[in-house]
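Trainee: 3D model of this:
(2 chains)
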Amino acid sequence: MTSSEQAGAEQAAPAVGPVRLADALGWGSSALGAPMTLAPRRFLRAIGVADDSKAVAWTLGVGLREHLATLNVIAMRQRRIGIWSRVAGDTMDMTLLAAAYRHKREDRTRLLGAMGVVGGLLVLDTLTAVQLTRADGATVEDGSGSQGVGADHDAGGGPLRVRTAVTIRRPEQEVRDALRDFAWSAFDPAALEASGELRILRAPGDRGTEVHLDHEPAPRGGVVGAAAAKLVGKAPDQVIHDELRRFKSLVETGVIARSDTSPEGPSSTRQIMHKRQPAQPVTEES
Amino acid sequence: MRATCWSGRNTVQVEEVPDPRLLTDRDAIVRITSTAICGSDLHLYDGYVPSMTKGDILGHEFMGEVVEVGKSVGGLGVGDRVVVPFPIACGSCGMCARGLFAGCENSNPHAGMAEKMWGHAPAGIFGYSSMTGGYAGGQAEFARVPFADVGPIKIENEDLTDDQVLFLSDIFPTGYMGAELCDIQPGDVVAVWGAGPVGLFAIASAIMLGAERVIAIDRFDYRLDKAREAGATDVIDYTQVEVPVVLKELTGGRGPDACIECVGMEGHHAHPIVHGYDRVKQATRLETERPHAVREAILSCRNGGTVSIMGVYGGFMDKFPIGSLMNRGITIKTGQCHVHRYLRPLLARIESGEIDPSFVVSHHLPLEDAPEGYELFKHKQDNCTKVVLRP
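Mentor: Numbering: from 1, shown residues only, chains lettered A, B, ... in the order given. The predicted structure follows:
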């Protein structure tokens, strides 16, 4: 019922900036992590460090961290966060190697070589992370985390804007009358039509009437309040989508479709909290 | 009332739950006399369908007697004997107006969830996860039926038994739609993957719609025997032979004119490595399907033929043979069944004696034995093809 932009991409960071380099570094993490987790003692000997049990434990831990970095960058597509975490990891590794140089050195040349490699990676990771961060700042995030689609944030974290549309299979006048009579809580259709944020168009053919919304709800509760509202399905875009669905159902069918898990009709809150209420008959009006 | 509730992977329990009551003026309450376990219930049972909650009442194939109606429900009264379609449809939206009832725009209050995964939302379905609306199902003593003036069909012929009309709720129309989508012409050869209940009705429907030959593919002898009973002219046990090779032989090298896939996301492949590949990817959630039958149907179909997919799929498959599909001009048609538009014509075929759908039933059990019914059906024990529960 709504126009979709980047549906299903809500987890993924936008693919901008030095993406290929970031992915190569992401895969490189596991390439390095594999010998650490599979053969930690041989790995330690290869970099010239004494393979006592404490060093082995550290090596296993660092190896595991490397695999997590790959998961983060490659599987979760969280390139910016993933590469910054590599910068932190490189710093930690330099500290560990420096400690090893003082207390557990077995082969000075090999250990210095390892420190050189980590130092080089630290520079490369930092440059990549900075570029990814700059590139991210210039992009638009569409519909992230919204129920339904069409909510977007302007570049630079501007106010929430809801762009959506719904088709009601009824003549325009009937839809106008119903818009006026419906108990809206999310917006005032008359005011929004006057300001041009709500438009009513005839759908092509015999498809009825389209209601288009391009609206910036007034911000409430700051960043924390907005995040909290989103978590419980009460963010402005979520409430708008719920009300538009109820409105459509009421105008087209005379009732609001109610299920056992959403007895009040379409509800973002119920969809987020659906694990709390199994699909069993409800005992009292809620 | 007593109801069959999902309580986690591979577990259902018959529990005491609240009785349903009217929530809108267009609802009716039905006292259920017969209800069946569907192959798609097994996908829920096996834990492959997302957004299930412990305690969800299962079941979307049911019939019974109307015991209460909302004040806006026209044409239906207390005491009427009805079969209820598995998709819930409002009858008034753009999709319902086109006869695409399984795409109803109003009946799924959890459309937002479905849109995230599927782009747009399908209709609400009884007892079929939160993503399809979060409706309580019909493997119970009673069910609330929304938009009751649109879906349920009255069965006025008292000579017809429950077993003869119950499957109008899903599997008969689903199998029929699978065949109808193939636009079968005289002389056509149709291959059907899966000789479960939907496959059996697809076979019978393909014959009714004029197919010259119908080839059934399965791995259980007793199901292939049922397929012959349904009208299949040839049967293939895919564990014994290579299906595409045999299909070529049987069709003079052309391939079947139409292929109907009635298997779904938990398919098997005779080759352990091929099967293992998708099994591992599915278990690790790298894909949601084991789509052996879809691949094989596309590769087997003749140039320019039609593949109709009636098996249930949930998300994303791997190794989709788009090259074969595109270069050879295969048409794919699919969909949850628009049951409402088939109710009357198929009831007429039952009344005329052209088909008796009760041939698919292998087991009758009391509702309390639903857990046993799920196990029988899942593991194909005791030559199980279809379990009907009697509350």
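Trainee: ok, the spatially most central residue of chain B - contacts?
Mentor: Note on chain B: the residue nearest the mean C-alpha position is residue B:171, at 4.8 Å, using Cα atoms, centre = their mean. With contact set as Cβ atoms under 8 Å, 6 or more residues apart in numbering or on different chains, residue B:171 has these partners: B:36, B:38, B:39, B:61, B:197, B:198, B:201, B:360, B:386. (Each C-beta comes from the backbone N, C-alpha and C, glycine too.)
Trainee: Dump those residues into CSV; add pLDDT and neighbour count as well.
Mentor: Shown next, in CSV, are the contacts of residue B:171 (pLDDT from 0 to 100; neighbours: other Cβ atoms under 10 Å in any protein chain shown):
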residue, pLDDT, neighbour count
B:36, 98, 29
B:38, 97, 29
B:39, 96, 23
B:61, 98, 31
B:197, 98, 30
B:198, 98, 33
B:201, 98, 31
B:360, 97, 25
B:386, 98, 27
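Trainee: possible to save the residues you listed as TSV with distance to chain A and secondary structure?
Mentor: Output for these, formatted as TSV (distance: Cβ to the nearest Cβ, whole Å; DSSP: H, G, I helix; E, B strand; the rest coil):
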residue	distance to chain A	secondary structure
B:36	18	strand
B:38	16	coil
B:39	20	helix
B:61	16	strand
B:197	24	helix
B:198	24	helix
B:201	27	helix
B:360	27	helix
B:386	24	coil
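Trainee: Which member of the residues you listed is positioned nearest residue A:271?
Mentor: Taking Cβ to Cβ as the measure, residue A:271 lies nearest residue B:38 of the contacts of residue B:171, at 24.7 Å.
Trainee: Tell me how far that closest one lies from residue A:55.
Mentor: Going from residue B:38 to residue A:55 by Cβ to Cβ, to the nearest Å gives 58 Å.
Trainee: ok, now residue B:390?
Mentor: Per Cβ to Cβ, residue B:390 is found 69 Å from residue A:55.
Trainee: And for residue A:120?
Mentor: Counting by Cβ to Cβ - residue A:120 and residue A:55 are separated by 23 Å.
Trainee: can you check residue B:318 too?
Mentor: 41 Å.
Trainee: Pick out whichever of residue A:120 and residue A:55 has more residues nearby.
Mentor: Between residue A:120 and residue A:55, counted using other Cβ atoms under 10 Å in any protein chain shown, the more crowded position is residue A:55 (20 against 11).
Trainee: Count residues in the vicinity of the closest residue in space to residue B:127 that isn't next to it in sequence, would you?
Mentor: In this structure, residue B:127 finds its nearest non-sequential neighbour in residue B:137, 1.8 Å apart by Cβ to Cβ, 6 or more residues apart in numbering or on different chains. A count of nearby residues for residue B:137, using other Cβ under 10 Å, gives 28.
Trainee: how about the helices of the stretch 201-350 of chain B, start to end?
Mentor: Along the stretch 201-350 of chain B, counting by DSSP state H, counting those that start in this stretch, helices occupy B:221-230, B:243-250, B:272-283, B:292-300, B:322-327, B:343-351.
Trainee: buried stuff in the fifth one?
Mentor: If you call a residue buried by 16 or more other Cβ atoms under 10 Å in any protein chain shown, then helix B:322-327 has these buried ones: residue B:325.
Trainee: Return the mean pLDDT over it, rounded to an integer.
Mentor: What helix B:322-327 shows for mean pLDDT is 98.
Trainee: helices or strands up against that helix?
Mentor: Helix B:322-327 is packed against helix B:292-300, with contacts defined by 3 or more Cβ pairs under 8 Å, 6 or more residues apart in numbering or on different chains; DSSP states H and E.
Trainee: Who are the packing partners of the longest helix anywhere in chain A?
Mentor: Ordering each helix of chain A by length in residues (DSSP state H) puts helix A:108-137 first. With contacts taken as 3+ Cβ pairs under 8 Å, 6+ apart, helix A:108-137 sits against helix A:19-38, helix A:79-103.
Trainee: Name the residues that touch whichever helix or strand comes after the first one?
Mentor: Meaning helix A:19-38. Counting by DSSP states H and E, the next helix or strand C-terminal to helix A:19-38 is helix A:40-46. Around helix A:40-46, the neighbours that count as contacts under Cβ under 8 Å, 6+ apart are A:35, A:36, A:50, A:51, A:55, A:56, A:59, A:60, A:63, A:106, A:110.
Trainee: same thing but 10 Å
Mentor: Outside of helix A:40-46, the residues within contact range by Cβ atoms under 10 Å, 6 or more residues apart in numbering or on different chains are A:32, A:34-37, A:39, A:49-53, A:55-63, A:100, A:104, A:106-107, A:110, A:113-114.
Trainee: mind listing the strands for the stretch 251-391 of chain B?
Mentor: Ranges of strands in the stretch 251-391 of chain B, per DSSP state E, counting those that start in this stretch, are B:258-261, B:306-309, B:331-334, B:363-366, B:387-390.
Trainee: The fourth one pairs with which strands?
Mentor: Strand B:363-366 has the following sheet partners, assigned by DSSP bridges: strand B:387-390 (parallel).
Trainee: Report the buried residues of the strand it pairs with.
Mentor: Buried residues in strand B:387-390 (16+ other Cβ under 10 Å): B:387, B:388, B:389.
Trainee: ok, for the first one, nearest residue in space, not its chain neighbours?
Mentor: This points to residue B:387. In space, residue B:387 is closest to residue B:373, 4.0 Å off (Cβ to Cβ, 6+ apart).
Trainee: what does residue B:207 give?
Mentor: Leaving aside its chain neighbours, residue B:207 sits nearest to residue B:231 (3.9 Å; criterion: Cβ to Cβ, 6+ apart).
Trainee: Am I right that the one you found is in contact with residue B:205?
Mentor: Yes - in this structure, residue B:231 is within contact of residue B:205 by Cβ atoms under 10 Å, at 9.1 Å.
Trainee: number of nearby residues for residue A:175?
Mentor: Residues within reach of residue A:175, counting by other Cβ under 10 Å, total 23.
Trainee: ok, and for the helix or strand where it lies, which residues are buried?
Mentor: Residue A:175 belongs to helix A:172-181 when elements are defined using DSSP H and E. Using 16+ other Cβ under 10 Å as the test for burial, helix A:172-181 gives A:175, A:176, A:178, A:179.
Trainee: The longest strand seen in chain A close to chain B?
Mentor: Looking across chain A with DSSP state E, the single longest strand is strand A:160-168. Yes - using Cβ under 10 Å from any Cβ of the partner chain, strand A:160-168 reaches chain B at A:166, A:167, A:168.
Trainee: in the stretch 1-150 of chain A, which segments are predicted with low confidence?
Mentor: A:1-16, A:136-150 (pLDDT under 70).
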